[in-house]
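Novice: Give me a 3D structure for the following:
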Amino acid sequence: MPEGDVLRLTAERLDEALRGRPLVRADLRWPTAAGADLTGRAVTACVAYGKHLITRFDDGRTLHTHLRMEGAWRVERTGSRAAAARHPEVRAVLATDRWTCVGWRLGMLDLVRTRDEHTLLAHLGPDVLGDDFAATGLAVGLDRLGDQGSRPLCDVLLDQRVLAGLGTIWMAETLFAVRRHPWTPVSALGAEARRGLLTTARRLMGRSVDVGRSHGLQHVERAVHGRLGEPCRRCRTPIAVGQANEPPYVRPVFWCPTCQASGTQGRAG
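Specialist: You can find the predicted model right below:
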């Protein structure tokens, strides 16, 4: 599933393509929104919150989409063959006279009043990449993290109710960066270690966004995720894989058995 860095870059592309110009085409191929008419409306902002995309219109409505496992938004030049978007897996089309944004295999789609969009996001923890993370989000995240008791760190970092935006990639990379055994109980961490965990997650994901803007996400280096059997870049121990969560929500956890051995004290991010 695309994580917060991917969603942040996607929102930026959509915002650049759509904001401020009236829509010449708007096609929502979703049962609860199929009759909606957005033609002539202008997009005022496209933003990301965790793994969610929010597109606001000048008539006080908001389009909420989620990519789930296979979804993607693509930006095509209006009038091109790809912009026709006739494929049965297309779920949404928003077009100006210049650019057409095509939502493929979207996992969620809601059209609500902008003043009600919070009802779609209220269950989520703070956005790890949010502009207000340092001012308010970090404190909220620390409170929610502190409420998790003996739950393993790897499970908690995947819980969007605690911190929004992380998935298997940045959960694993964060735990490696702070040298924590993935199945360490949250309750085993002191206040500074918890703060270091969240600030490290933000730093790593923010760096990914910066690299993605200039070079593409394929150039973002990963220390452990997806490197099963390859040597650790710190100690040369082969990278291992375990699991977070319980069925049917099992997710892979890539980790170094030496740098992240059980009982290690870790370090601040």
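Novice: Endpoints of stretch 181-198, how far apart?
Specialist: Start-to-end span of stretch 181-198 (C-alpha to C-alpha, to the nearest Å) is 16 Å.
Novice: now it, how far from the centre of its chain.
Specialist: 22 Å (C-alpha atoms, centre = their mean, to the nearest Å).
Novice: Identify the residues contacting that stretch?
Specialist: 128, 138, 141-142, 145-146, 148-154, 156-157, 163, 172, 174-175, 178, 180, 242, 244, 253, 255, 260-264, 266-269 (C-beta atoms under 8 Å, 6 or more residues apart in numbering). From N, CA and C alone the C-beta is placed, and that goes for glycine too.
Novice: Could you rerun that using 6 Å?
Specialist: 141-142, 145, 148-154, 156, 175, 178, 253, 255, 260, 262, 268-269 (C-beta atoms under 6 Å, 6 or more residues apart in numbering).
Novice: likewise stretch 142-154?
Specialist: 125, 156, 162, 171, 180, 182-187, 194, 244, 253.
Novice: Also stretch 120-137?
Specialist: Contacts of stretch 120-137 from elsewhere in the structure, counted by C-beta under 6 Å, 6+ apart, are 4, 8, 49-50, 64, 140-141, 144, 160-165, 201-202, 205.
Novice: In helices only, show me those residues.
Specialist: Helix and strand membership here follows DSSP state H; of these, those in helices are Gly4, Arg8, Val140, Gly141, Arg144, Ala201, Arg202, Met205.
Novice: my guess is the fourth one contacts Leu163, does it?
Specialist: So that's Gly141. Yes: counting by C-beta atoms under 6 Å, a contact exists between Gly141 and Leu163, whose distance comes to 5.1 Å.
Novice: if we can go back for a sec, out of the contacts of stretch 142-154, what pair is the most spread apart?
Specialist: Gly125 and Trp183 (20.8 Å; C-beta to C-beta).
Novice: circling back: mark which of the ones in helices among the contacts of stretch 120-137 are buried, thanks.
Specialist: Among the ones in helices among the contacts of stretch 120-137, those classed as buried by 16 or more other C-beta atoms under 10 Å are Gly4, Arg8, Gly141, Arg144, Ala201, Arg202, Met205.
Novice: Let me see the contact set for the third one.
Specialist: Contacts here follow C-beta under 6 Å, 6+ apart; on that basis Gly141 touches Gly125, Pro126, Leu163, Leu198.
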